[in-house]
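# model the following, please.
(one chain, ligands or ions: 4)
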Amino acid sequence: MTPSITSQSLRLSSSFSIAALQPHTFSKIPLPKSHLRVSRQAPLFKPISAVQSNVLLPDASKTATFQPSNAPHLTAVNTEAMEVDRATEVELKENGSRSKRRTKIVCTIGPRTCGFDELEALAVGGMNVARINMCHGTHEWNRKVIEHVRRLNEERGFAIAIMMDTQGSEIHMGDLGGATSSKAEDGEIWTFTVRSFGSNCPERTISVNYDGFAEDIKVGDELLVDGGMVRFVVTEKIGPDVICCCTDPGLLLPRANLTFWRNGSLVQEHNAMLPTISSKDWLDIDYGIAEGVDFIAVSFVKSAEVIKHLKSYIASRSPASNIAVIAKIESIDSLKNLNEIILASDGAMVARGDLGAQVPLEQVPSIQEKIVQLCRQLNKPVIVASQLLESMIEYPIPTRAEVADVSEVVRQQADALMLSGESAMGQFPDKALAVLRSVSLRIEKWCREGKQHATFEPPPISSSVSAGIPGEICNGAAKIANKLKASALFVYTKTGQMASLLSRSRPDCPIFAFAPTSSVRRRLNLQWGLVPFCLNFSDDMESNLNQTFSLLKARGLIKSGDLIIVVSDMLQSIQVINVP
Ligand SMILES: Nc1ncnc2c1ncn2[C@@H]1O[C@H](COP(=O)(O)OP(=O)(O)OP(=O)(O)O)[C@@H](O)[C@H]1O
Ligand SMILES: CC(=O)C(=O)O
Ligand SMILES: [K+]
Ligand SMILES: [Mg+2]
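Ligands and ions are numbered 1, 2, ... in the order given. As a prediction, the model looks like this:
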């Protein structure tokens, strides 16, 4: 039977809640008359008779679309479905909604995980975002991956976003003539050159992507592959060829990054000549726009200008698209302009791989913490990437140190963790994902327990952004949710902004975010604590709530008596409701 909402409810109108939180901020804004209504049996909501007719229920029995248990035979009607996937459902039900994982997981897709079945295993294992790296793979290859992910979303109710990562134009090696790797031994002489050889690469010769490669290099400089995985010293320059002697032996991987060091410092001259977005990158970006990817992550960002330029390019090429631009922080230049870059972007990535090749390794942890905090202040999602579980490329369990590293990211409350080689070409992609999931869950719980008696204070919003009324409503709602130990926060949001602000407050309970389009839903799937749903809601909050309660109860994701705190784009209010 359809429930009616009759349990105790408390409704705080905007003027009450806002004024109570921070009166001075709102003096200029006209608000409705202040009132606080607390009622028992409050007739706030009508019973939901029309719920089922507002929901699309596909026939396929294996889909995860919500299907109220008493109406299994209804089929398509006029609006979009509200979907939930197996992974979310299991996580919500396993230990109760409050223990749902908050930290999101990005998986890089490579030869190991590009098939439909492998992608499905990652989806079921909790992947929130699939990353394709344009350093590798053709457009055709990447298109297949995108198609598979789309199919999983459509058929199985997942909300997996696609992130396209640009190659960027830093100096890197060629593809080793198709070999998967090459071993450089101590004392061996290798040639690095701008000449290209196709598949007939002479022995101990590496082609390099940048024409000006040999120009600024001096005999005696050190050449580091992938930040020092293999090290050479330059012994001679002959025309376009740079002759080097190997001083730290190791494995050379295709397209590995190259940096030059002189007297202990990075030689930056040639990097300065390279555009952040190369002509190849622009073609890849056109491809990404055409494929409708959700995020474009820009490698080796140097300034805010390039982000602004890309955002206006996307807006002009595809005005209706909702592609978010993520700034990858992985160079000395990006550190110099961090504030402006992050402000101009829709999110950031701490790309520790290349970052660690440009700054001394011992500086990487403090830089990571600084970027994570800044992103939180500026309300931008942040991903921490690279080498989180590097040993799991080869081994089925991580090192203790890797677990400690992942724990630290979770403790810092970054939005997302990222797998690179572990999921792209490692032997244990599913196990690596499971480690990220279980460490996240455990550390999140530990942090919540630890702060039980601490007072709640979200970080101040930086003076360079103003979150205004919505920001204060969200902070207030999170505060109330923590105090009352609510089961969940609900947010009805058209653009996703209100959900982001709630996520920023890092509340103790999960945030169920209802968005009208699947593209907003996917985009929200990168952010801490958000459980995004696609729901075609109206301006009538009463009916939205009736509908949502009915659907979530039918699925067993909430139950009568649960305490829910509700906010929305449409009303400047915080509602406190017991699920009927
Ligand atoms: N599409 C792909 N095809 C083949 N190999 C891939 C692909 N994507 C990733 N890989 C492999 O996985 C490794 C790690 O992936 P990752 O995306 O982190 O790349 P990367 O080369 O380290 O560059 P970046 O700095 O852009 O992350 C790569 O070095 C490569 O060997
Ligand atoms: C992810 C990436 O690009 C890096 O760590 O360098
Ligand atoms: K890249
Ligand atoms: Mg990188």
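# and the residue lying closest to Asp186 once chain neighbours are set aside, what does it touch?
Distance criterion CB to CB, 6 or more residues apart in numbering; nearest residue to Asp186, sequence neighbours excluded, is Pro249 at 4.6 Å. To be clear about C-beta, it is placed using only N, CA and C from the backbone, and glycine gets the same treatment. Each residue near Pro249 by CB atoms under 8 Å, 6 or more residues apart in numbering is listed here: 183-186, 188, 230.
# what's the answer for Arg448, then?
Arg448 neighbours (CB under 8 Å, 6+ apart): Asp508.
# residue in this structure nearest to ligand 2?
Gly353 (2.7 Å; CB to the nearest ligand atom).
# can you name the residues that contact that residue?
226-227, 257, 330, 385-387, 420.
# about what we covered before: now do the residue nearest to Asp186 against ligand 1, distance only.
19 Å (CB to the nearest ligand atom, to the nearest Å).
# how about the residues of this protein by ligand 1?
Taking CB under 6 Å from any ligand atom as the contact definition, the chain meets ligand 1 at 108, 110-111, 133, 135-137, 165, 253, 255, 299, 353-354, 420-421, 424-425.
# next, the buried residues of whatever helix or strand Cys244 lives in.
In this structure, Cys244 sits in strand 241-248 according to DSSP states H and E. Buried residues in strand 241-248, counted by 16 or more other CB atoms under 10 Å: 241-246.
# which other residues reach it?
Here strand 241-248 makes contact (CB under 8 Å, 6+ apart) with 184-193, 195, 213-214, 217, 222-223, 228, 230-237.
# 6 Å instead?
By CB atoms under 6 Å, 6 or more residues apart in numbering, the surrounding residues in contact with strand 241-248 are 184, 186, 188-193, 214, 217, 223, 231-236.
# try stretch 170-181
By CB under 6 Å, 6+ apart, stretch 170-181 touches 182, 199, 201, 206-207, 209-210, 251, 253-258, 300.
# lowest-confidence entry in those residues?
Among the contacts of stretch 170-181, Ser199 has the lowest pLDDT, at 73.
# spit out the contact partners of that residue.
By CB under 6 Å, 6+ apart, the contact list for Ser199 reads 177-178.
# now do the one 5 residues further on
When the contact criterion is CB under 6 Å, 6+ apart, the partners of Arg204 are Trp190.
# filter the contacts of Gly353 down to the buried ones.
Buried among the contacts of Gly353 by 16+ other CB under 10 Å: 226-227, 257, 330, 385-386, 420.
# among those, show me the least confident.
Within those, pLDDT is lowest for Gly227, at 85.
# surely that one is in contact with Gly356?
Yes. The pair Gly227 / Gly356 is scored as a contact, 5.1 Å apart, by CB atoms under 6 Å.
# is the residue of the chain most remote from its centre in a bridge, and if so with what?
In terms of distance from the mean C-alpha position of the chain, Ile238 ranks first, at 45.5 Å (CA atoms, centre = their mean). Counting by DSSP bridges, Ile238 forms beta bridges with Asp241.
# give the burial count for Leu266, as a bare number.
16 (other CB atoms under 10 Å).
# over to it: give its phi and psi.
phi -70, psi 130 (degrees, to the nearest 10).
# distance of it from ligand 1?
For Leu266, the distance to ligand 1 equals 16 Å [CB to the nearest ligand atom].
# and the closest residue to ligand 3 within the stretch 51-200 of the chain, what does it touch?
Of all residues in the stretch 51-200 of the chain, Asp165 sits closest to ligand 3, at 4.2 Å by CB to the ion. By CB under 6 Å, 6+ apart, the contact list for Asp165 reads 131, 133, 297.
# go again using 7 Å as the cut-off
131-134, 297, 299 (CB atoms under 7 Å, 6 or more residues apart in numbering).
# now Ala130
Ala130 neighbours (CB under 7 Å, 6+ apart): 107, 109, 145, 149, 160, 162.
# surely it is within a strand?
Yes. Assigned with DSSP: H, G, I helix; E, B strand; the rest coil, Ala130 falls within a strand.
# can you give me the strands for the stretch 51-200 of the chain?
When secondary structure is read from DSSP state E, counting those that start in this stretch, the stretch 51-200 of the chain shows strands at 104-108, 129-133, 161-165, 182-184, 189-193.
# for the chain, longest helix please?
As assigned by DSSP state H, the longest helix anywhere in the chain is helix 429-450.
# name the residues of that one that are buried.
For helix 429-450, using 16+ other CB under 10 Å, the buried residues are 429, 431-433, 435-437, 439-441, 443-444, 447.
# can you check stretch 533-548 too?
533-537, 541, 543-548.
# do you know how far Leu526 is from ligand 1?
Leu526 is 17 Å from ligand 1, by CB to the nearest ligand atom.
# how about that residue, secondary structure?
Per three-state DSSP, Leu526 ends up coil.
# widest-spaced pair of the contacts of stretch 170-181?
Across the contacts of stretch 170-181, no pair lies farther apart than Ser199 and Phe300, at 28.6 Å, counting by CB to CB.
# ok, Leu388 touching Leu417?
Yes. Between Leu388 and Leu417 there is a contact under CB atoms under 7 Å: 5.9 Å.
# any residues in contact with both of those two?
Val406.
# and the contacts of strand 241-248, which are buried?
Looks like these have 184, 190-193, 214, 217, 223, 231-232, 234 buried, using 16+ other CB under 10 Å.
# ok, the residue of the stretch 301-450 of the chain found nearest ligand 3 - how many residues close by?
Per CB to the ion, Lys328 is where the stretch 301-450 of the chain lies closest to ligand 3, at 7.5 Å. Lys328 has 25 neighbouring residues, counting by other CB under 10 Å.
# same deal with Ala467?
Ala467: 18 neighbours (other CB under 10 Å).
# from Leu571, how far off is it?
17 Å (CB to CB, to the nearest Å).
# please apply the same query to His139.
45 Å.
# and the two? Which one has more around it.
Leu571 (17 against 13).
# what does the stretch 51-200 of the chain put close to ligand 3?
133, 135, 165 (CB under 5 Å from the ion).
# tell me the bridge partners for the closest residue to the first one other than its chain neighbours.
Computed as CB to CB, 6+ apart, the closest residue to Asn133 that is not its neighbour in sequence is Asp165, at 4.6 Å. For Asp165, the beta-bridge partners are Asn133, Ala297 (DSSP bridges).
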